[in-house]
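1. This is a predicted model, with the sequence first.
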Amino acid sequence: MNPIAQSLTKQTIKGFLSGSFWSILMGCLVQGVFAQAPKPIVIAHRGASGYIVEHSEGAKVLAHAQGADYIEQDVVLTKDLQLIVTHDIHMEETTDVEKVYPDRVRSDGKWYFVDFTWEEIQRLTLHERTRKGSDQQAFTDRFPGGFGQRVLRLEDEIRLIQGLDRTTGRKTGLYIELKGPAFHRKELSVSMGAELLKLLKRFELDEAADRCFVQCFELDELNQLHNQHACKLPMVYLIGKPLELDKIKDLKPAISGLGPSLDLVALKNADGKIESTGIVEAAQRAGLLVHPYTVRKEQQPRWSDSLDQTHRVLFEQLKVDGFFTDFPDTARRAVDVR
């Protein structure tokens, strides 16, 4: 028995004998003996992207208004090394680049942000994602808008969120994903991670206590940030395929968290019962945070039959540390009632 439990047991017996049990119980509560585990953080996936075009200014403002703890920024580089907020390295699925720059297409039929300067990109308008052969999910019944929504630079979005925090008295975190670091290194001969750290340092957001995560699917880039650039920010390794559980502990000390897809964290057995795959527990035993992606109203993981069931499994059964969602308002309510 641990010392706190021993002390509690002895004091409880004495308390019953002396009539002071309730005062002892209240003291234990104050000391946190019965404190609840921290609630999972709500991470707005590309903003409130279930309601407004992903990574648009409107989506970020709405995510803030809906109470997201963190707001995600996917970033890529332009030809003139500006970090801009967009999910893909190519442009045609979320912008009107085909109309504005019809002759700037590459031989593979795609337009790439690295081929354009920031000044040129400012002529583009965002629209809801279209499928066009992408491996990204397209939601045809979501907000169709354009109405002049613009591509944001990362520094623009940081200022936006900081301004909203000042006017509301809140503290909203940043959750930045480096998209295609190996591609950018080949095209531009630069380290995306190094460029990001330079920008964050300008905003004094480069310390571990600054409520800023850096995430990436490319483990080499995260390791390089840790080993060569002494990154102090918590870094999250994103995975879309199974990872050997006994290798998770080897991610430390560079990696602070694991970001698995929802389908990797649980499964439904032959009896219809939802079981953990063990990845959450293995990561947490290794001292890693676990932030699965992405919870949506209209699309549940293979193991779930409803949004409520998805939330319940993540919070109560798996006890994840946070999660990405396209709908920050429903996620906020689900977390707050538990």
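-> Arrived safely.
2. The nearest residue to residue 160 once chain neighbours are set aside and residue 280, how far apart?
-> Using C-beta to C-beta, 6 or more residues apart in numbering and skipping the chain neighbours, the partner closest in space to residue 160 is residue 60 (6.2 Å). All C-beta spots, glycine's among them, are computed from the backbone N, C-alpha and C. With the distance defined as C-beta to C-beta, to the nearest Å, residue 60 ends up 29 Å from residue 280.
3. same check, this time on residue 273
-> For residue 273, the distance to residue 280 equals 17 Å [C-beta to C-beta].
4. Show me where the stretch 101-250 of the chain dips below the pLDDT cut-off.
-> 131-141, 144-148 (pLDDT under 70).
5. the helices in it, which residues?
-> In order along the chain, the stretch 101-250 of the chain carries the following helices (DSSP state H, counting those that start in this stretch): 118-121, 154-168, 181-188, 192-202, 219-229.
6. follow-up on the earlier one: show me which of residue 273 and residue 280 is the more surrounded one.
-> Between residue 273 and residue 280, residue 280 has the larger neighbour count (other C-beta atoms under 10 Å), namely 23 against 9.
7. give me phi/psi at the more buried one?
-> As for residue 280, its main-chain torsions (degrees, to the nearest 10) stand at phi -70, psi -50.
8. What confidence value was assigned to it?
-> With respect to pLDDT, residue 280 scores 98.
9. Isn't it up against residue 290?
-> Yes - under the criterion of C-beta atoms under 8 Å, residue 280 makes contact with residue 290 at 4.9 Å.
10. residues shared between the contacts of those two?
-> Common neighbours of residue 280 and residue 290 are listed as 260, 265, 318, 320 (criterion: C-beta atoms under 8 Å, 6 or more residues apart in numbering).
11. before we move on, the earlier item: include distance to residue 208 when you put the helices of the stretch 101-250 of the chain into JSON lines, please.
-> As requested, the helices of the stretch 101-250 of the chain are arranged in JSON lines below (distance: least, C-beta to C-beta, whole Å):
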{"stretch": "helix 118-121", "distance to residue 208": "30"}
{"stretch": "helix 154-168", "distance to residue 208": "18"}
{"stretch": "helix 181-188", "distance to residue 208": "21"}
{"stretch": "helix 192-202", "distance to residue 208": "12"}
{"stretch": "helix 219-229", "distance to residue 208": "12"}
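12. Could you dump the ones you listed into CSV and include distance to residue 71 and mean neighbour count?
-> Rendered in CSV, the data for those read as follows (distance: least, C-beta to C-beta, whole Å; neighbours: other C-beta atoms under 10 Å):
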stretch, distance to residue 71, mean neighbour count
helix 118-121, 21, 16
helix 154-168, 6, 15
helix 181-188, 21, 17
helix 192-202, 15, 19
helix 219-229, 21, 17
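13. how about those, which one is nearest residue 56?
-> For these, distance to residue 56 was read as C-beta to C-beta. The smallest value, 10.4 Å, belongs to helix 154-168.
14. partners of the longest strand seen in the chain, with directions?
-> Secondary structure of the chain read by DSSP state E shows that its longest strand is strand 70-77. For strand 70-77, the pairing partners within the sheet under DSSP bridges are strand 41-44 (parallel), strand 83-85 (antiparallel), strand 173-178 (parallel).
15. roughly how far out does it sit from the chain middle?
-> Computed by C-alpha atoms, centre = their mean, to the nearest Å, the separation of strand 70-77 from the middle of its chain amounts to 9 Å.
16. Now do that strand against helix 181-188, angle only.
-> Regarding strand 70-77 and helix 181-188, their directions subtend 30 degrees when assessed with axes from the mean of the first three to the mean of the last three C-alpha atoms, to 10 degrees.
17. related to what we said a few turns ago, tell me the contacts of the residue nearest to residue 160?
-> For residue 60, the residues meeting the contact criterion (C-beta under 8 Å, 6+ apart) are 44, 47, 48, 71, 152, 157, 160, 161.
18. Residue 56 contacts residue 62, doesn't it?
-> No - when contacts are counted by C-beta under 8 Å, residue 56 is not listed as touching residue 62 (9.4 Å).
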